[in-house]
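Visitor: Quick one, fold the following:
(4 chains)
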There are 4 protein chains.
Amino acid sequence: MSKSRAEAFSDGVIAVAITLLALNIKVPPPASGGSLAQQLGSQWPQYAAYAVSFLTIGIIWINHHAALRRVVTVDHTILMLNIALLMTIVLIPFTTALMAEYLKASSGEKLAAAIYSGSLLLMGIAFFALQRHLMRAKSELLDAHITPQMRRQVLVRNFAGLPPYALATVAALVSPYVTLAIVGAIAAFYASPLTTRDVFEQPDTEG
Amino acid sequence: MSKSRAEAFSDGVIAVAITLLALNIKVPPPASGGSLAQQLGSQWPQYAAYAVSFLTIGIIWINHHAALRRVVTVDHTILMLNIALLMTIVLIPFTTALMAEYLKASSGEKLAAAIYSGSLLLMGIAFFALQRHLMRAKSELLDAHITPQMRRQVLVRNFAGLPPYALATVAALVSPYVTLAIVGAIAAFYASPLTTRDVFEQPDTEG
Amino acid sequence: MSKSRAEAFSDGVIAVAITLLALNIKVPPPASGGSLAQQLGSQWPQYAAYAVSFLTIGIIWINHHAALRRVVTVDHTILMLNIALLMTIVLIPFTTALMAEYLKASSGEKLAAAIYSGSLLLMGIAFFALQRHLMRAKSELLDAHITPQMRRQVLVRNFAGLPPYALATVAALVSPYVTLAIVGAIAAFYASPLTTRDVFEQPDTEG
Amino acid sequence: MSKSRAEAFSDGVIAVAITLLALNIKVPPPASGGSLAQQLGSQWPQYAAYAVSFLTIGIIWINHHAALRRVVTVDHTILMLNIALLMTIVLIPFTTALMAEYLKASSGEKLAAAIYSGSLLLMGIAFFALQRHLMRAKSELLDAHITPQMRRQVLVRNFAGLPPYALATVAALVSPYVTLAIVGAIAAFYASPLTTRDVFEQPDTEG
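Guide: Next up is the predicted model:
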């Protein structure tokens, strides 16, 4: 089985999901009371949520790209684990809207924030499951240059991404703002040049 | 005619359709009475419908991928049968929403469930029609390794996927929950590792 | 300039537009009076419009595929004419919804139908403009096998697709049902096996 | 890292964003008072906004295409700058809807227009940041034929695209119509054959 259609389908699903995030930002109806500036300003949770979720999905796409680059051929299990991963990604526009809509509410705001970071944690777990299958697979699925040590490194690095999302989920008990701040910090960390070498250049060029 | 654009277009359509499934899950409006937990909980048919339909469309994508992999070149009939198949796939977000919206209703729930599994049956029939054309086609359309015995196997296996959806449609007369359970079981069966060898590895490597 | 990204972008836009057609079919709200069967039945213009527009966009995709297949390299004018064509395709979900929504109305129904087939005519004109540029282009843009006679044939065949849409637009003065019937008949004609040889096999294999 | 998936993902995101522009054009509800012709006519800001934004996103896609064509391999910074660019493109359907909705309003119309052209300016800045990284990159990222002089030309030309959008944003203080006219003129300028040679043929074939 060729991997190129699996990549193309995943790119398509992730591209649609990331674009649907913007549908959560609504145009305030004209003449609905209050100036447009005030109305747009009061929607700031939507903008913050958009930026954080867009960056997060963008980073998972980069990771997905890096993971499949190491693969030579795909099997039924890879395809099904990939569909499970996509199923979690496609939920993110909904959980993003939920968190943003309730961020300033006086009830439900903690549950909404927990569901938001919980959905990102679920995406991380689905991605880890896919990587674990790849890294444990018989070597004919993987590029011949991937050594056992590199496999271990990839898995350790992937697993290390999960506890911060678990923390962000628990932090919703304190305040939804703390959850959003942690999730935003995770996205900023992975997006920063600091992580470049570690995240996906090294494992493919060194032992 | 090259098959790569037919694959790319199909991937795009299926990717959009599978992602639109999530638009059926709505954020409950804040302060609309009842706790957020209760409101989200009462939407469980939407979550179940999302999971089942996502998996089902994911599996049809895998099958589509496997079917076109055997093809060397495409003709007008393949393209039109493919468009007919896509036309049935694109309806699934609507029929999924219909079934989920009416699952707990006291009237219309059986019709909605019958339309839901009926739309999946229709998709299966459209896929079978595409496969039948491919398997009966003059051999220049197909990979030279596909023997007559393999063609027969592919068709038998494809046809075998139809009666369960017909059963699920008839079962709507009893209860929409039975329909949803059958459709979910079909998806779980095809997603499970049990089906791996049979579904699409064997026909291309053995007689 | 390579043509592959122009194809990929066009495939993406057409795939999204064709899938958005299904958003015009709405789930009737439960308990809104009348049985679900009646409510779904009264939406038949939406289903007919979906089928006709899906087939029509599918056929324009096949034609687009065939047109770009003859191209070796793309220039700025091809890209801009392609964007103009896509701009007309993306409007079709709107004009389809407009026609379907007004088909049974007692006022506005003729205008809505005229706008619908007018948008298809516009798409045909944009496609013809793209083809005319390709067929008149210096030969380095086109595959070397395309003879002057084949160029003429392609243009004649493309131009022949326009009058039926003009007729359907004028027919809206009589009745929107006539417009829908003509547009449906055009789609059925191009989708049928009868047109296979003429539409896009012949010009590439014969003089 | 291969650039092909970065292109495919970008094509997907831009294709979805450009298609979502059409969702801003709504079907007037039948029997809502006033003839359909009047109701459709009063929506002209939506049509103008659709045409201008579609053309603008189409042109940024052409530029993106040309920029990545010069690239041989991608690094983490390119991917992150590309995601930042896509994040600005995906906002355009929202800012387009905002501008169109308020164009004829008596309050908020200047802010809405400023946000609209401001979002296009932001997109231009994100694109310039991507180009600057590419043009300053160590030569292994770029095609070997790109000379230092060509790099400078590309950057000058890209930077030259920013002041007109800044002007359009400031012009919103005068009138939103002036903003829309300037943005439309920019799109028409880049779409015209006049710009062909300059925009992306020359830098790749000459010093």
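
Visitor: Flag the shaky bits of chain A, pLDDT-wise.
Guide: Applying pLDDT under 70 to chain A flags the ranges A:1, A:138-139, A:194-207.

Visitor: got the residues of it near chain D?
Guide: A:7-8, A:11-12, A:14-16, A:18-23, A:25, A:27, A:30-31, A:35-37, A:40, A:50-51, A:54-55, A:58-59, A:61-62, A:65-66, A:69, A:191, A:193, A:195-196, A:199-201 (Cβ under 8 Å from any Cβ of the partner chain). (Glycine included, C-beta is placed from N, CA and C.)

Visitor: which of these count as buried?
Guide: Buried residues within the residues of chain A next to chain D, defined by neighbour count using 16 or more other Cβ atoms under 10 Å in any protein chain shown: A:7-8, A:11-12, A:14-16, A:18-22, A:25, A:27, A:30, A:36, A:40, A:50, A:54-55, A:58-59, A:61-62, A:65-66, A:191, A:199-200.

Visitor: if we can go back for a sec, quick one: which of the residues of chain A next to chain D sit in helices?
Guide: Mapping these onto helices (DSSP state H) picks out A:7-8, A:11-12, A:14-16, A:18-20, A:36-37, A:40, A:50-51, A:54-55, A:58-59, A:61-62, A:65-66, A:69, A:191, A:196.

Visitor: If we check chain B, which of those are in contact?
Guide: Applying Cβ under 8 Å from any Cβ to those, those adjacent to chain B are A:8, A:12, A:15-16, A:20.

Visitor: residue at max distance from the center of chain A?
Guide: residue A:31 (37.6 Å; Cα atoms, centre = their mean).

Visitor: list the contacts for that residue?
Guide: Counting by Cβ atoms under 8 Å, 6 or more residues apart in numbering or on different chains, residue A:31 touches D:105, D:107.

Visitor: if I look at it, how far off is residue D:106?
Guide: To residue D:106, residue A:31 is 8 Å away according to Cβ to Cβ, to the nearest Å.

Visitor: Tell me which other helices or strands the helix or strand encompassing residue A:157 touches.
Guide: In this structure, residue A:157 is located in helix A:148-160 according to DSSP states H and E. On a contact count with 3 or more Cβ pairs under 8 Å, 6 or more residues apart in numbering or on different chains; DSSP states H and E, helix A:148-160 meets helix A:109-136, helix A:202-205.

Visitor: For chain A, what lies in contact range of chain B?
Guide: Neighbours of chain B within chain A, by Cβ under 8 Å from any Cβ: A:1-2, A:5-6, A:8-9, A:12-13, A:15-17, A:20, A:75-77, A:79-80, A:83, A:86-87, A:90-91, A:93-94, A:97-98, A:101-102, A:105, A:107-108, A:111-112, A:115.

Visitor: Can you name the residues that contact the closest residue to residue A:58 other than its chain neighbours?
Guide: Leaving aside its sequence neighbours, residue A:58 sits nearest to residue D:83 (Cβ to Cβ, 6 or more residues apart in numbering or on different chains; 3.8 Å). By Cβ under 8 Å, 6+ apart, the residues touching residue D:83 are A:54-55, A:58-59, A:61-62, A:191.

Visitor: list the contacts for residue A:155?
Guide: A:128, A:131-132, A:135.

Visitor: mind putting the residues you listed in CSV, neighbour count included?
Guide: Converted to CSV, the contacts of residue A:155 look like this (neighbours: other Cβ atoms under 10 Å in any protein chain shown):
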residue, neighbour count
A:128, 16
A:131, 23
A:132, 16
A:135, 20
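
Visitor: Closest to chain C out of those?
Guide: residue A:131 (27.4 Å; Cβ to the nearest Cβ).

Visitor: show me what contacts the closest one?
Guide: Taking Cβ under 8 Å, 6+ apart, we find residue A:131 in contact with A:67, A:154-155, A:158.

Visitor: Swap in 10 Å and give it another go.
Guide: By Cβ atoms under 10 Å, 6 or more residues apart in numbering or on different chains, the residues touching residue A:131 are A:63-64, A:66-67, A:70, A:81, A:85, A:151, A:154-155, A:157-159.

Visitor: Name the residues of chain A found near chain C, please.
Guide: Contact residues (Cβ under 10 Å from any Cβ of the partner chain) of chain A with chain C: A:8, A:11-12, A:15-16, A:19.

Visitor: Tell me the one among the residues you listed nearest to chain B.
Guide: Set against chain B, the nearest of the residues of chain A next to chain C by Cβ to the nearest Cβ is residue A:12 (3.0 Å).

Visitor: what's the nearest residue to the closest one if we skip its chain neighbours?
Guide: residue B:15 (3.0 Å).

Visitor: Likewise for residue A:112?
Guide: Of all residues not flanking residue A:112 in the chain, residue A:102 sits nearest, at 3.7 Å (Cβ to Cβ, 6+ apart).

Visitor: What is the burial count for that neighbour?
Guide: A total of 24 residues lie near residue A:102 under the criterion other Cβ atoms under 10 Å in any protein chain shown.

Visitor: Would you check that it makes contact with residue A:177?
Guide: No. Using Cβ atoms under 10 Å, residue A:102 is not in contact with residue A:177; the gap is 11.8 Å.

Visitor: dump the residue contacts of the nearest residue to residue A:14 once chain neighbours are set aside.
Guide: Excluding the flanking residues, the one nearest residue A:14 by Cβ to Cβ, 6+ apart is residue A:61, at 5.0 Å. Going by Cβ under 10 Å, 6+ apart, residue A:61 touches A:10-11, A:14-15, A:17-18, A:89, D:5-6, D:9, D:13, D:79, D:83.

Visitor: Including distance to residue B:184, could the residues you listed go into JSON lines?
Guide: Formatted as JSON lines, these follow (distance: Cβ to Cβ, whole Å):
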{"residue": "A:10", "distance to residue B:184": "24"}
{"residue": "A:11", "distance to residue B:184": "28"}
{"residue": "A:14", "distance to residue B:184": "25"}
{"residue": "A:15", "distance to residue B:184": "28"}
{"residue": "A:17", "distance to residue B:184": "23"}
{"residue": "A:18", "distance to residue B:184": "28"}
{"residue": "A:89", "distance to residue B:184": "21"}
{"residue": "D:5", "distance to residue B:184": "33"}
{"residue": "D:6", "distance to residue B:184": "37"}
{"residue": "D:9", "distance to residue B:184": "32"}
{"residue": "D:13", "distance to residue B:184": "32"}
{"residue": "D:79", "distance to residue B:184": "38"}
{"residue": "D:83", "distance to residue B:184": "36"}
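
Visitor: Among those, which one lies nearest to chain C?
Guide: Using Cβ to the nearest Cβ, the contacts of residue A:61 come closest to chain C at residue A:15, 7.8 Å.

Visitor: I'd guessed that closest one sits against residue D:12; true?
Guide: Yes. The criterion here is Cβ under 10 Å, and residue A:15 meets it with residue D:12 at 3.0 Å.

Visitor: Give me the common contacts of these two.
Guide: Counting by Cβ under 10 Å, 6+ apart, the residues touching both residue A:15 and residue D:12 are B:12, B:15-16, C:12, C:16, D:86.

Visitor: Out of those, flag the one nearest to chain A.
Guide: residue B:15 (3.0 Å).

Visitor: Could you measure from that closest one over to residue B:186?
Guide: According to Cβ to Cβ, residue B:15 and residue B:186 sit 22 Å apart.

Visitor: cool, residue A:103 as well?
Guide: Taking Cβ to Cβ, one finds residue A:103 at 40 Å from residue B:186.
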